[in-house]
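Visitor: Sequence plus predicted model, see below.
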Amino acid sequence: MEALAVILDIVLIGAGATVVMDAWLIVLKRMGVKTLDFALVGRWVGHLARGRVAHAAIAKASPVAGERLLGWATHYAVGVGFAALLVGLNGLRWLDSPTLLPALAVGVATVAAPLFVMQPAMGAGFAASKTPTPVRNCLRSLANHAVFGLGLYLAARLLAF
């Protein structure tokens, strides 16, 4: 497979999986479940670029110009990065014949990013320990990332046709 074609497949798989996750988040939001405001991700990334890694509460940090767009761009870039991880772990043959288990495993494993990097850096503590309902929040993150893993598989299957 040509390198440019592989890169395009990875970008499409990562973006497709992120769209699936976003659709899931929209359903949750319509059911009254609070979901992540990606503007806060953009705020964190904006402060990170200025050398500030951790915040007591990212919502109280000073806003960053274009934070919503930056947050959404980061969200999709991370999705593409996780798709690259999936292909890197499973090899290029996986792109020709995608299977569910590796995609789901990578999706579930990616929950480590919010639990152990994003939440602590944004003031929620490790595994949401500083929130009122840490177990519920961790389970919600796990479900969201399992849906992302399903999205990795579905996007790859669509491309493999």
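Guide: Yes, it's here. Numbers count the residues shown, from 1 in each chain.

Visitor: CA atoms of stretch 94-108 as CSV?
Guide: The C-alpha coordinates for stretch 94-108 follow below in CSV (Å, rounded to 0.1, in the frame of the first residue of the first chain):
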residue,chain,number,x,y,z
TRP,A,94,-5.6,-4.7,9.3
LEU,A,95,-6.6,-1.9,6.9
ASP,A,96,-7.5,-4.4,4.2
SER,A,97,-9.4,-6.7,6.5
PRO,A,98,-10.4,-4.8,9.7
THR,A,99,-11.6,-6.8,12.7
LEU,A,100,-13.5,-5.6,15.7
LEU,A,101,-11.4,-6.8,18.6
PRO,A,102,-8.2,-4.8,17.9
ALA,A,103,-10.2,-1.6,17.2
LEU,A,104,-12.3,-2.0,20.4
ALA,A,105,-9.2,-2.8,22.4
VAL,A,106,-7.4,0.3,21.2
GLY,A,107,-10.6,2.4,21.8
VAL,A,108,-10.9,1.1,25.4
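
Visitor: What mean pLDDT does that stretch get?
Guide: For stretch 94-108, mean pLDDT is 98.

Visitor: Pull the residues that contact that stretch.
Guide: 1, 6, 9, 17, 82, 85-87, 89-90, 142, 145-153, 156-157, 159-160 (Cβ atoms under 8 Å, 6 or more residues apart in numbering). In this view, the C-beta of every residue, glycine as well, is placed from N, C-alpha and C.

Visitor: gap between it and the chain center?
Guide: The chain centre lies 16 Å from the centre of stretch 94-108; the measure is Cα atoms, centre = their mean, to the nearest Å.

Visitor: Report the contact partners of residue 40.
Guide: 58-59, 67, 71, 122 are the contacts of residue 40 under Cβ under 8 Å, 6+ apart.

Visitor: okay if I get those as JSON lines plus distance to residue 49, secondary structure and neighbour count?
Guide: Formatted as JSON lines, the contacts of residue 40 follow (distance: Cβ to Cβ, whole Å; DSSP: H, G, I helix; E, B strand; the rest coil; neighbours: other Cβ atoms under 10 Å):
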{"residue": "58", "distance to residue 49": "14", "secondary structure": "helix", "neighbour count": "20"}
{"residue": "59", "distance to residue 49": "19", "secondary structure": "helix", "neighbour count": "12"}
{"residue": "67", "distance to residue 49": "11", "secondary structure": "helix", "neighbour count": "21"}
{"residue": "71", "distance to residue 49": "13", "secondary structure": "helix", "neighbour count": "22"}
{"residue": "122", "distance to residue 49": "15", "secondary structure": "coil", "neighbour count": "22"}
